[in-house]
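what's the 3D shape of this:
(one chain, ligands or ions: 2)
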Amino acid sequence: MLADVADVVARSHDLQETLGNVVELVVKKLGADVCSIYLTDPSLEHLTLWATRGLAPEAVGRVRLAFGEGLVGQAARERKPIAVERAQDDPRFRFFPGTGEERFQSLLATPLLVRGMPIGVLVVQTEQPRQFDTQDIDLLQTCAQLIAPVVMNARLLDLVARTEEERSRVVAKLVNSGLQLHGLRTAEQAPPPSVELRGSPTSAGIAIGPLYRLEDPVDLARLDYAPNPDEVQEKRDLQRAISEARSELDDVRDEVAERFGPEFAAVFNTHIQILEDKGFTGRVERAVEDSGNALQALRDVLDDYRQTFESIEDPYFRERGSDIEDVGRRVMARLLGVRHHNVPLQDGSIVVAKEILPAHFALLETEKIAALIAEHGGATSHGAIFARSLEIPAVTGVTGILEATRPGELAIVDGASGRVYLRPDAALRAEYERAQQRYELAAEHLDTLKYRPAETRDGRRILLTANVGLLNDLRLIEQHGAEGVGLFRTELLAIAHRGFPEEEEQERLYERVAKAMAPRPVTIRTLDLGGDKAVPLPDVTDEENPQLGWRSTRLMLSHEAPFRAQLRAILRATTRCNVRVLLPLIGSVEELRLARALLESAKEELCNRGVPFDRDVPVGIMIEVPSAALIAGALARECDFFSIGTNDLTQYTLAVDRGNERVAHLYDPLHPAVLALIDRSVRAASRAGIPVSLCGEMASNPLAVPLLVGLGIGELSGTPSAVPVVKEIVRALDAGKAAEAARSALEAATVEDSHAIAAACLREAGLLDHPDVGSWLRGLLGE
Ligand code: PEP
Ligand code: MG
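Ligands and ions are numbered 1, 2, ... in the order given. Got it, this is the predicted structure:
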């Protein structure tokens with residue numbers, strides 16, 4: 001089905017053609033006599049028949065239904081499929097003369113949903129009465145899920161083209177006053193002093209190396225826009241560039257699918273669809289006639305598209321503008337003969353770009369990249385996720401970096417703190433070189449010892465799992481010897497999709513993770529969107545106080561359909577009995593009950609469809625809000641495990657935004673108040689006889705490990721690369737002594753005191769003299 005949809009994308013050149021190809025495909029796949037597509041009007045109040053195979057072609061554009069009217073309108077309003085064996089006997093049926101519909105008996109309609117929004121309805125009909133079974137319904141729903149984004153993109157492209165045709169043509173601003181030319185300083189100028197810049201910590205790790213500025217493949221300010229008298233030649237060049245860009249995109253899509261999993265390749269389908277779109281290509285051709293220059297034409301059209309997209313209010317749709325921009329630049333690059341593939345990257349380069357894009361990983365030789373710095377973007381962008389998964393240190397949102405970068409010059413990137421040093425002096429460089437060496441040597445050696453158990457000297461076994469969010473991360477689990485997935489962050493898929501991912505795609509992802517890990521445990525967390533993990537959903541607007549706002553489970557409880565879809569997808573992956581469900585940011589028993597009720601209804605749905613799953617799948621909650629820690633006893637009676645999320649628990653307990661530089665010095669999970677809430681949660685869990693794990697960054701913090709072991713945490717889930725170090729610490733500890741230290745830390749008056757207690761624990765366990773981690777730990781303690 002995926003391949004068929006990709007084929008439709010490749011063969012369709014405008015909205016009507018896309019819809020026509022879709023109905024042909026569905027008729028073929030379902031063996032139906034009729035397939036029709038109704039699309040929602042912009043007002044979201046009506047549906048109009050846009051394409052059909054089987055009904056009278058004249059009916060297209062003429063049949064119009066209100067939401068809720070007839071079986072089709074009902075499917076749109078209720079956002080779920082409707083199957084009727086004898087449609088004409090159904091009181092909801094609405095007959096339209098002239099459609100030829102009277103011949104058909106049975107009807108199956110399923111909504112086309114994009115992020116839960118009905119953008120249309122896909123309908124099949126048969127001449128013979130047919131009782132559609134769950135398999136038919138599932139198949140049509142799968143079709144609808146795959147087709148909905150394609151239809152939406154085609155529609156959006158159509159919309160942009162139409163509105164722009166009606167608008168007066170935008171005069172392109174040729175001399176781009178805002179554009180700066182880079183690299184024009186001359187060698188005679190004195191070398192500027194070293195500079196420290198700050199950005200968002202995006203992917204941890206230290207790198208020291210020469211800077212490589214990943215130029216926009218096209219520097220718009222330097223191009224030759226003179227008209228060419230040979231217009232035919234210009235058009236031919238343009239055609240060639242478009243078809244080269246098209247096949248380049250095919251390669252990129254395949255490469256990304258191969259390296260990172262099919263879910264990430266979907267982005268490039270959108271790009272291919274744009275290049276195949278007649279509206280886009282036709283506009284550029286006409287623009288060549290206007291300006292006599294293909295480059296100028298592309299630039300004009302891109303400017304037009306950009307302005308239109310920027311004026312759209314919905315952030316989801318607005319972002320689509322960047323897809324068009326991306327594609328347009330790719331065509332320009334081909335027009336200029338610039339080959340992305342030939343980026344002459346030196347080994348160990350620090351790549352500086354406007355933003356980190358998924359395509360960079362497919363086109364650059366990733367093994368030569370020591371670190372990435374981006375002027376824009378944040379830690380949750382696609383590119384940032386890729387960087388973390390590949391363990392490439394990265395800092396994003398570094399204002400002014402492109403302007404300040406002189407290619408070839410030395411720089412230091414500290415991905416954990418978000419610091420970038422340009423032209424560091426010898427002392428700073430030596431300091432970072434030492435830190436880097438200490439870290440790398442230790443890490444390498446420890447990976448070779450990964451099969452040893454994480455057991456304290458006195459025999460207490462700690463489960464060391466890892467936090468992941470991509471298929472590619474599973475490789476890191478194996479490399480660093482984690483014992484399972486302690487936290488699978490499902491929102492990465494949502495971020496990649498810029499909205500709720502489709503159920504089927506989630507099913508595939510969770511199934512692959514569960515299978516790859518079995519029999520090791522996998523804890524899958526339900527969507528934790530909002531807060532610092534912004535996802536452009538239409539109803540999530542800028543909030544004054546997003547960390548205290550509509551996020552995580554709160555948000556999902558008001559998006560029941562996608563929440564249940566995700567729960568169904570997780571349940572399907574439970575057949576090997578190694579999967580647990582984790583609910584984030586639970587603040588009250590009421591919230592837990594509401595979420596569990598949805599899980600029960602998801603189970604019911606699967607039962608009705610005869611889908612196998614583990615009825616007793618353990619359901620846990622994250623303790624991330626002080627209220628949850630304070631009523632942990634009541635919560636423990638109604639769930640199967642706790643996972644303490646100290647990243648959030650720290651920010652809420654200390655009232656310190658976890659992402660705000662200005663208060664970063666106040667953010668400390670070793671604060672006695674945070675320790676007290678952890679202690680309270682662990683005690684409640686132990687009284688209720690349920691296990692408790694900890695999955696915040698604290699689980700990877702060497703200083704915190706003795707205290708966490710001492711507080712009685714049974715599972716630590718952290719960054720995969722930190723697992724070996726944490727294991728060495730656990731193996732050197734005595735659980736009894738750690739418990740004493742934890743008790744003193746709970747009594748500590750200040751953060752300084754609790755740090756000193758933890759440091760003494762590491763010292764007493766002989767860890768500061770450990771051959772692998774000793775010098776690194778001493779560095780961490782400032783010794
Ligand atoms: C946490 O809050 O500690 C946690 C693990 O969740 P996240 O960092 O994804 O918010
Ligand atoms: Mg959290």
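
Tally up the residues packed near the spatially closest residue to Leu780 that is not a sequence neighbour, please.
Excluding the flanking residues, the one nearest Leu780 by CB to CB, 6 or more residues apart in numbering is Pro702, at 6.3 Å. Glycine gets a C-beta too; all of them are placed from N, C-alpha and C. When counting by other CB atoms under 10 Å, one arrives at 20 neighbours for Pro702.

do you know how far Pro702 is from ligand 1?
17 Å (CB to the nearest ligand atom, to the nearest Å).

residues contacting that residue?
Counting by CB atoms under 8 Å, 6 or more residues apart in numbering, Pro702 touches Val725, Val726, Ile729, Leu762, Val773, Leu777, Leu780.

Just list what the helix or strand that contains the fourth one packs against, helices and strands only.
The secondary structure element spanning Leu762 is helix 751-764 (assigned by DSSP states H and E). Using 3 or more CB pairs under 8 Å, 6 or more residues apart in numbering; DSSP states H and E as the contact criterion, the neighbours of helix 751-764 among helices and strands are helix 672-688, helix 704-711, helix 735-747.

For Ala257, find the nearest of those helices.
helix 704-711 (38.3 Å; CB to CB).

which residues touch the closest one?
With contacts defined as CB under 8 Å, 6+ apart, helix 704-711 is touched by 456, 460, 462, 669-670, 675, 678-679, 682, 694, 698-699, 716, 726, 729-730, 733, 735, 737-743, 745, 754, 757-758, 761-762, 765.

Out of the contacts of Pro702, which two sit at the greatest distance?
Going by CB to CB, the pair spanning the contacts of Pro702 furthest: Val726 and Leu780, at 13.1 Å.

Looking at those two, which is more packed in?
Using other CB under 10 Å as the criterion, Val726 and Leu780 rank with Val726 on top: 27 against 17.

Hmm, Ala454 and that one touching each other?
Yes. The pair Val726 / Ala454 is scored as a contact, 7.4 Å apart, by CB atoms under 8 Å.

Could you pull out the residues contacting both of the two?
Joint contacts of Val726 and Ala454 (CB under 8 Å, 6+ apart) are Leu464.

Close to ligand 1: what parts of the stretch 401-550 of the chain are there?
Contact residues, the stretch 401-550 of the chain versus ligand 1 (CB under 6 Å from any ligand atom): Leu487, Arg489, Asp528.

Pull out the CA atoms of whichever strand or helix holds Glu591 and give them to me as PDB.
If you go by DSSP H and E, Glu591 is part of helix 589-608. The C-alpha trace of helix 589-608 is given here as PDB (Å, rounded to 0.1, in the frame of the first residue of the first chain):
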ATOM      1  CA  VAL A 589      -5.800  10.300  40.600                       C
ATOM      2  CA  GLU A 590      -8.600  11.700  38.400                       C
ATOM      3  CA  GLU A 591      -6.200  12.100  35.400                       C
ATOM      4  CA  LEU A 592      -4.900   8.600  35.900                       C
ATOM      5  CA  ARG A 593      -8.400   7.200  35.900                       C
ATOM      6  CA  LEU A 594      -9.400   9.100  32.800                       C
ATOM      7  CA  ALA A 595      -6.300   7.900  30.900                       C
ATOM      8  CA  ARG A 596      -6.800   4.300  32.100                       C
ATOM      9  CA  ALA A 597     -10.500   4.400  31.000                       C
ATOM     10  CA  LEU A 598      -9.300   5.300  27.500                       C
ATOM     11  CA  LEU A 599      -6.800   2.400  27.600                       C
ATOM     12  CA  GLU A 600      -9.700   0.100  28.500                       C
ATOM     13  CA  SER A 601     -11.800   1.400  25.600                       C
ATOM     14  CA  ALA A 602      -8.800   0.900  23.300                       C
ATOM     15  CA  LYS A 603      -8.500  -2.700  24.600                       C
ATOM     16  CA  GLU A 604     -12.200  -3.200  23.900                       C
ATOM     17  CA  GLU A 605     -11.800  -1.900  20.400                       C
ATOM     18  CA  LEU A 606      -9.000  -4.300  19.700                       C
ATOM     19  CA  CYS A 607     -11.000  -7.200  21.200                       C
ATOM     20  CA  ASN A 608     -13.900  -6.500  18.900                       C
END
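
how far does that helix sit from the chain's center?
Centroid separation between helix 589-608 and its chain, computed with CA atoms, centre = their mean, to the nearest Å, is 25 Å.
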